[in-house]
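[1] the following comprises the amino acid sequence and a computationally predicted model.
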Amino acid sequence: DQQVKQNSPSLSVQEGRISILNCDYTNSMFDYFLWYKKYPAEGPTFLISISSIKDKNEDGRFTVFLNKSAKHLSLHIVPSQPGDSAVYFCAARSSGNTPLVFGKGTRLSVIA
Amino acid sequence: EAGVAQSPRYKIIEKRQSVAFWCNPISGHATLYWYQQILGQGPKLLIQFQNNGVVDDSQLPKDRFSAERLKGVDSTLKIQPAKLEDSAVYLCASRSTTGTGTYEQYFGPGTRLTVT
């Protein structure tokens, strides 16, 4: 039972264009969502997060949008750069001391 | 600020052997997590510690996996005996429980285990 789904295993985008990574969730108790970025042979690094009380959070080139009614969030990267090439994981958790639940990840390739 | 340290980085063992992984979290972080990441999957929580107490070990295969966090700092994860399906990257993460209360976890580089 996958509670966090990233249905696109891979995405290829040209440098300078927008990258949009999608994530769907099924557990309505989730109230905090995070995106992690992972390079090969490294652990995931935190990128950006959003609370369920918001529908948008922006940090430089990265913006996360949350649509609670659709149980969907997306990560926008504008403009995309070759250094953004990595695997991106969507994660979610409910309130309290509960663990993160991760999606399977989307591999982003930004082509120069 | 030093990050989460893990060792070894790579380990190859034969099935039925035992193996241990070590993690040193970020200084002052009370919460420590061990995750298993199988190729092509997202990280899956094995066990969560708060200081030296276990908060959640519901997904830890307790017949072969064990973990401890003595003195509420370093932690070790052990597998005995290992099975082929234990081949994965084992990630350690830590989080502060003071301050703004964000859910951000900091991950170590992981230990890649291959069981042959």
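    Structure's in. What do you need?
[2] kindly report the residues of chain A close to chain B.
    Residues of chain A lying close to chain B by C-beta under 8 Å from any C-beta of the partner chain are A:4, A:6, A:32, A:34, A:36, A:41-46, A:49, A:89, A:91, A:93, A:97-100, A:102-105. No exception for glycine: its C-beta is placed from N, CA and C like everyone else's.
[3] swap the cut-off to 7 Å and go again
    Proximity of chain A to chain B (C-beta under 7 Å from any C-beta of the partner chain) is limited to residues A:32, A:34, A:41-44, A:46, A:49, A:89, A:93, A:97, A:99-100, A:102-105.
[4] excluding residues flanking it in the chain, which one is nearest A:Thr26?
    A:Gln3 (5.2 Å; C-beta to C-beta, 6 or more residues apart in numbering or on different chains).
[5] need the phi and psi values for that neighbour.
    phi -80, psi -20 (degrees, to the nearest 10).
[6] need the residues of chain B near chain A, please.
    By C-beta under 7 Å from any C-beta, the residues of chain B that approach chain A are B:33, B:40-43, B:45, B:48, B:50, B:55-56, B:91, B:102-105, B:107-110.
[7] of those residues, grab the buried ones for PyMOL.
    The buried subset of these, as determined by 16 or more other C-beta atoms under 10 Å in any protein chain shown, is captured in PyMOL by this line:
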select buried, chain B and resi 33+42+43+45+48+50+56+91+103+105+107+108+109+110
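[8] can you show me the helices along chain A?
    With DSSP state H, there are no helices along chain A.
[9] is it true that A:Pro99 touches B:Pro43?
    No. Taking contacts as C-beta atoms under 7 Å, A:Pro99 lies outside contact range of B:Pro43: 9.8 Å.
[10] could you report the neighbour count for the closest residue to A:Leu75 other than its chain neighbours?
    In space, A:Leu75 comes closest to A:Leu21 once its chain neighbours are excluded; the distance is 4.5 Å by C-beta to C-beta, 6+ apart. Using other C-beta atoms under 10 Å in any protein chain shown as the criterion, A:Leu21 is surrounded by 23 other residues.
[11] what does the pLDDT read for B:Thr98?
    At B:Thr98, the model reports a pLDDT of 63.
[12] then B:Glu1?
    With respect to pLDDT, B:Glu1 scores 63.
[13] same question, A:Gln2
    Reported pLDDT for A:Gln2: 85.
[14] tell me which residues of stretch A:3-12 are tucked away?
    Using 16+ other C-beta under 10 Å as the test for burial, stretch A:3-12 gives A:Val4, A:Gln6, A:Leu11.
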